[in-house]
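Trainee: Provide a 3D model corresponding to the input given below.
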Amino acid sequence: MTGIDMNPTAVVDDVFYALSNTTRRKVLEQLFRGPATVSELAAPFDMKLPSFVQHLSVLEKSRLVRSRKQGRVRTYEIAPERFKVAEDWLAERRRLWESRLDRFDAYVKQLKEKESQA
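Mentor: A predicted model of the protein is given here:
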């Protein structure tokens, strides 16, 4: 499925689902240091390779990583553009809450002014 086929909510859901797991976040931390093979990525984890590959599949489906195969070796790397989905979603929530807090602050100041005038 391509990004064009998915609605924005599904894209955000895929990204946050991929980020919701500790193992997958640790894999991403490894990949932020540079590309790595499946065996290099799996080495720190105490799990069977098929289970680990499922984590890589989730990361690739969410398009947070991409892979390439050369011979029998599959190498993964970060796909930084997809992290913008999470960043934009979080920024919108921040703007919403900052706006609400600003209105609340103005309301409290208004109440204090009325109280001091009485």
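Trainee: mind listing the helices for the protein?
Mentor: Ranges of helices within the chain are 8-19, 22-32, 38-42, 49-61, 83-117, based on DSSP state H.
Trainee: can you redo these as a markdown table with mean pLDDT and distance to residue 67?
Mentor: All C-beta atoms are positioned from the backbone trio N, CA, C, and that covers glycine. Below are the helices of the chain laid out as a markdown table (pLDDT from 0 to 100; distance: least, Cβ to Cβ, whole Å):
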| stretch | mean pLDDT | distance to residue 67 |
| --- | --- | --- |
| helix 8-19 | 91 | 14 |
| helix 22-32 | 97 | 11 |
| helix 38-42 | 96 | 8 |
| helix 49-61 | 96 | 6 |
| helix 83-117 | 90 | 17 |
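Trainee: out of these, nearest to residue 74?
Mentor: Of all the helices of the chain, helix 38-42 sits nearest to residue 74, with 5.2 Å by Cβ to Cβ.
Trainee: give me the contact list for that closest one.
Mentor: Here helix 38-42 makes contact (Cβ atoms under 8 Å, 6 or more residues apart in numbering) with 27, 30, 31, 49, 52, 53, 56, 73, 74, 75, 76.
Trainee: and the gap between the fourth one and residue 35?
Mentor: Residue 49 is 19 Å from residue 35, where distance means Cβ to Cβ, to the nearest Å.
Trainee: higher neighbour count, these two?
Mentor: Ranked by neighbour count (other Cβ atoms under 10 Å), residue 49 and residue 35 place residue 35 first, with 16 against 11.
Trainee: hang on, that one packs against residue 74?
Mentor: No. Contact criterion Cβ atoms under 8 Å: residue 35 and residue 74 do not qualify, at 10.7 Å.
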